[in-house]
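K.L.:
pasting a predicted model and its sequence here:
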Amino acid sequence: MPDVHGDHVVNQQTTVREMSEDMVSQGRQLLLLRLAKHALISIILSASLLWVSWWLVSSEPIKDPKYLDRIEGGKLSRFLRVDGKYGLIIMYQAMPVLVIAILSLGVVELRKKIGRFLDCDNQRKMKMGNVNPSEEVVRPTFSTYPLLARLGWWNPFGVLTVAEVLMIVGILLLVLYSFGRLVHLDFKTIEERYRADPVGQTLRAPISLRKLDTAAEHLGRAAIIPFALLWIPVSRGSPILRLLNIPFEHAVKYHIWLATFTLVLLTGHSVSYIIYYCRLDTAYKIFDWVTERERCSLVAGFIAWISGLLMWSTSLSYFRRRWYEMFFGIHHLYIVFFLFWMYHAFWTIHFFILPILLFVIDRLLRMVQSRRSVDVLSAKVLKSGAIQLYFPIDPQEIQAYHALSSWYLRFPSLSRTMKLQWHFFSVTSAPSDETMQLSIIIKPLGKWTCALQRRLLMAAGGRSNQPRKCPFSFKAGVEGPYGDETDFYVRYNTVVLIGGGIGVTPLLAILSDVLHRTRATQMNASQTRSIHLYHCIRKVEELCVLNSVNPNDICPEYEKLGLRICVSVYVTNSSSTTGCKDREIDLKTANYLSAKNDRNETERTEDENCISAVTIHANRSVNSPVETISTVGPKGKSSWVAATMLASIAGFYISWGLSNVYIVKNIRNNFPTNYNRAHIVIGCIIFGTFLLGGPVVMLWWLMGKRLSVSSPSPNLRKVNIATASPLETQAQEYYCATETDIDQESSEQQCLPWNGKLHIGDRPVWSDIFDSLEKEYNGQNIGVLVSGSESMQADVASECQKHTKVLGASSLSNVFHYHSVSFEL
């Protein structure tokens with residue numbers, strides 16, 4: 001008889017040996033990837049130090065008597081003006097930015113590959129039964145420890161982590177040191193000159209005015225530093241932000257800080273020069289347009305300063321939240337600001353031309369992505385009035401899509417005045433969802449969102465299953481994804497999610513993603529095991545947003561697999577729960593309470609906005625193609641983004657060099673003014689970006705379209721209508737079918753899918769909540785994610801700071817890592 005048992009043992013040993021060999025091979029590849037990543041990071045750090053060193057040790061302005069002669073010496077020198085101070089600026093300021101941007105994309109790709117290797121390694125260890133949870137290092141980090149957590153007049157920044165405080169202090173020291181050093185050197189020169197010839201120098205201008213002139217000049221020069229940096233956070237897909245793991249929606253506040261700092265310095269620069277010319281009785285020069293050689297046009301600088309102040313004042317939170325359309329329109333004065341800056345001081349162009357080029361390239365990629373009209377698969381108006389939209393997503397886009405991703409939306413056919421408006425929203429779906437759909441929930445608060453809700457309710461007015469023409473096209477412009485790419489929350493065994501109102505939407509995406517990971521990996525060692533969700537709402541009807549994600553539909557046995565989810569909902573308005581005497585009830589009975597409140601409100605008045613849940617589907621034929629979100633974008637494939645950057649930047653410098661040789665020509669005779677040279681730069685930017693970078697983007701778009709045609713279509717939900725679709729006869733019209741979610745409402749009223757408590761008429765006491773968490777867990781890194789108002793963020797950050805011991809921590813001490821997932825827009 002054959003030895004079956006022996007053969008089985010041999011096969012098992014062979015399998016284990018093969019898996020061990022694969023692990024060794026993949027371990028070597030992982031080591032090489034990590035070495036490559038660290039090598040790129042080292043080069044990026046060296047380039048950053050090179051950029052900083054200019055402001056620390058530069059001897060600007062360079063006093064070279066043969067400067068003009070060397071410019072005329074040959075075409076090579078005039079091609080990019082790589083002589084004297086211009087050559088140093090290109091070497092120390094322009095080239096480091098290009099190196100950092102390109103290599104940042106390489107680091108981002110290496111991180112993704114390393115992450116995939118680690119995931120495969122964990123799954124292989126699970127199969128072999130060698131999963132041993134490693135001991136995590138429990139300690140606070142610079143990026144998650146809130147150093148300033150209190151709001152007040154003395155803290156205009158809001159909650160600041162240690163990393164943000166170090167960044168602010170570093171930029172301040174760099175600017176102040178550069179300014180102070182140059183002022184000190186020039187003051188010594190002025191004093192020596194006045195000591196050598198006191199009578200002659202004093203006749204020209206008193207020494208105090210000379211010093212004022214010098215200080216004003218260097219204030220303007222110091223403003224170049226924050227001005228060059230502010231273009232980085234405003235680029236939505238900036239590779240530098242991706243390198244630093246800073247989501248765009250959080251980087252906007254850095255743009256605001258840098259812009260404010262720039263305008264403070266420019267205000268000091270402008271006011272000082274106004275005083276200077278008034279003291280010399282030459283105030284008429286302030287409005288002088290004349291510019292010779294490379295001298296400044298004063299009135300151009302004055303106009304740039306006024307336009308900057310106008311942009312800053314309309315971008316304040318009070319103004320921006322009430323008159324967003326006006327803020328958005330006035331903020332396009334940045335083009336005027338940049339143009340008149342060049343009119344005023346063209347010689348500074350090399351300091352910030354690379355960040356501006358990266359911003360223009362980002363705008364080009366966003367424009368291409370947003371041109372595609374994406375189908376809206378369905379729209380659902382929830383009982384609270386919130387809107388849930390579903391969009392199809394291309395399988396190629398899944399790698400760039402994460403749970404904390406955010407997207408810009410535009411409905412061109414919503415109205416004539418709103419067709420150009422883009423609005424920023426987070427998702428509630430996870431990339432691992434098999435339906436290949438993007439879910440976004442919107443609360444109607446402003447003009448645009450309320451108009452969208454009204455249009456959807458008009459479409460649902462007939463309550464008929466027959467197709468009718470929709471009041472607006474079921475097409476949207478979609479741009480993204482933006483947001484966090486690291487899925488950092490899976491690093492924590494315990495996660496605390498805190499959301500206020502509609503701010504719960506990104507937290508729902510996290511819950512959905514963790515549930516999908518639990519089902520797929522069966523709880524490996526690195527998986528989140530415990531989630532606490534605290535949700536604050538005004539009315540009990542707003543629970544429908546929380547219920548839009550059902551854990552039992554994603555992973556019915558998540559509790560058996562070791563995942564624990566505790567939900568606590570706080571209804572702050574007790575009048576919305578009439579008839580309920582208990583202040584704390586189980587979430588299982590919350591929907592019964594909501595239904596009872598709806599009936600009471602309907603009996604009381606017919607004017608109350610009690611909305612029944614209704615779903616509106618775009619009715620299309622079975623074989624009609626579905627337009628998905630474009631894969632061409634600032635955060636698309638890194639190889640294509642890098643190729644677009646290199647082509648655009650090379651096109652700019654080549655066209656600019658040729659213009660220096662054949663248009664600027666001789667610097668002594670017929671030398672163009674700052675105005676003409678600024679127009680040449682604008683033309684070179686357009687030429688390089690659109691005529692050389694544009695073909696690369698077009699090739700990328702064509703390749704993506706070919707792949708999307710060859711790949712299987714995503715699993716999209718379609719609505720079958722009994723009658724023939726009108727799209728068969730009228731291809732240009734869009735029709736919709738509506739269905740009232742009666743069955744869903746009745747099932748929801750029976751029980752809620754979440755385990756937890758509903759607190760009525762109470763607000764969360766964060767000190768008590770964090771005290772209980774401190775007692776429940778020992779020696780853990782606990783991730784705290786907050787999405788809510790500024791006061792909520794400040795209160796939670798204060799508790800994280802209070803319950804995290806920086807000094808004298810024991811092995812049983814917990815560390816609460818603060819993460820804000822609120823929008824800063």
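P.N.:
That came through, no problem.
K.L.:
could you grab the helix/strand/coil label for Thr189?
P.N.:
helix (DSSP: H, G, I helix; E, B strand; the rest coil).
K.L.:
against Leu280, how distant is it?
P.N.:
According to C-beta to C-beta, to the nearest Å, Thr189 and Leu280 sit 20 Å apart. C-beta here means a position set from N, CA and C on the backbone, and glycine is covered the same way.
K.L.:
likewise for Ser820?
P.N.:
Note on Ser820: its distance to Leu280, by C-beta to C-beta, is 51 Å.
K.L.:
what of Ile274?
P.N.:
For Ile274, the distance to Leu280 - C-beta to C-beta - is 11 Å.
K.L.:
got it, and Ser384?
P.N.:
Using C-beta to C-beta, one obtains 66 Å as the distance from Ser384 to Leu280.
K.L.:
can you check Val107 too?
P.N.:
53 Å.
K.L.:
tell me which of those two has more neighbours.
P.N.:
Under the criterion of other C-beta atoms under 10 Å, the comparison of Val107 against Leu280 puts Val107 first, with 21 against 14.
K.L.:
the spatially closest residue to that one that is not a sequence neighbour: which element?
P.N.:
Distances taken as C-beta to C-beta, 6 or more residues apart in numbering place Leu40 nearest to Val107, at 5.1 Å, with adjacent residues excluded. Taking DSSP states H and E as the criterion, Leu40 maps to helix 4-57.
K.L.:
ok but Phe424 is inside a strand, no?
P.N.:
Yes. Under three-state DSSP, Phe424 falls within a strand.
K.L.:
need the three-state assignment for the closest residue to Pro355 other than its chain neighbours.
P.N.:
Closest residue to Pro355 apart from its sequence neighbours, by C-beta to C-beta, 6+ apart: Trp231 at 3.8 Å. The assignment at Trp231 comes out as coil when based on three-state DSSP.
K.L.:
any buried residues in stretch 445-452, and which?
P.N.:
Neighbour counts over stretch 445-452 (16 or more other C-beta atoms under 10 Å) mark 448-449, 451-452 as buried.
K.L.:
report pLDDT for the most centrally placed residue in the chain.
P.N.:
The centroid of the chain falls nearest to Phe248 when counting by C-alpha atoms, centre = their mean (1.6 Å). Phe248 carries a pLDDT score of 91 in this model.
K.L.:
what about it, distance to Ile225?
P.N.:
Applying C-beta to C-beta to Phe248 and Ile225 gives a distance of 22 Å.
K.L.:
show me the shaky parts of the stretch 101-250 of the chain.
P.N.:
Applying pLDDT under 70 to the stretch 101-250 of the chain flags residues 121-136, 200-203.
K.L.:
would you map the strands across it?
P.N.:
Assigned by DSSP state E, counting those that start in this stretch, the strands in the stretch 101-250 of the chain fall at 146-148, 160-161.
K.L.:
same check, this time on the stretch 601-750 of the chain
P.N.:
With DSSP E, counting those that start in this stretch as the criterion, the stretch 601-750 of the chain has strands at 614-619, 735-740.
K.L.:
between those strands, which gets the lowest average pLDDT?
P.N.:
Across the strands of the stretch 601-750 of the chain, strand 735-740 has the smallest mean pLDDT, namely a mean of 56.
K.L.:
just give the closest residue to Leu785, not the sequence neighbours.
P.N.:
His819 (4.8 Å).
K.L.:
wasn't the one you found part of a strand?
P.N.:
Yes. Counting by three-state DSSP, His819 is part of a strand.
K.L.:
burial measure for it, as a count.
P.N.:
Residues lying near His819 (other C-beta under 10 Å) number 22.
K.L.:
repeat for Leu563
P.N.:
For Leu563, the neighbour count with other C-beta under 10 Å is 21.
K.L.:
one more: Ser406?
P.N.:
For Ser406, the neighbour count with other C-beta under 10 Å is 24.
K.L.:
which strand or helix spans it?
P.N.:
Taking DSSP H and E as the criterion, Ser406 maps to strand 405-410.
K.L.:
now for that strand, which elements pack on it?
P.N.:
For strand 405-410, the packing partners by 3 or more C-beta pairs under 8 Å, 6 or more residues apart in numbering; DSSP states H and E come out as strand 423-426, strand 437-442, strand 475-483.
K.L.:
try it again with 6 Å
P.N.:
Counting contacts by 3 or more C-beta pairs under 6 Å, 6 or more residues apart in numbering; DSSP states H and E, strand 405-410 is packed against strand 423-426, strand 475-483.
K.L.:
sorry, back to before: quick one: the residue nearest to Leu785 from Leu244, how far?
P.N.:
Separation of His819 from Leu244 (C-beta to C-beta): 15 Å.
K.L.:
for the stretch 301-450 of the chain, what are the low-confidence residue spans?
P.N.:
Scanning the stretch 301-450 of the chain with the threshold set as pLDDT under 70 gives 396-399.
K.L.:
again, only using 80
P.N.:
Under the criterion pLDDT under 80, the flagged ranges of the stretch 301-450 of the chain are 394-400, 413, 415-420, 434-435.
K.L.:
contacts only, for Gln780.
P.N.:
Residues in contact with Gln780 (C-beta atoms under 6 Å, 6 or more residues apart in numbering) are 494, 814.
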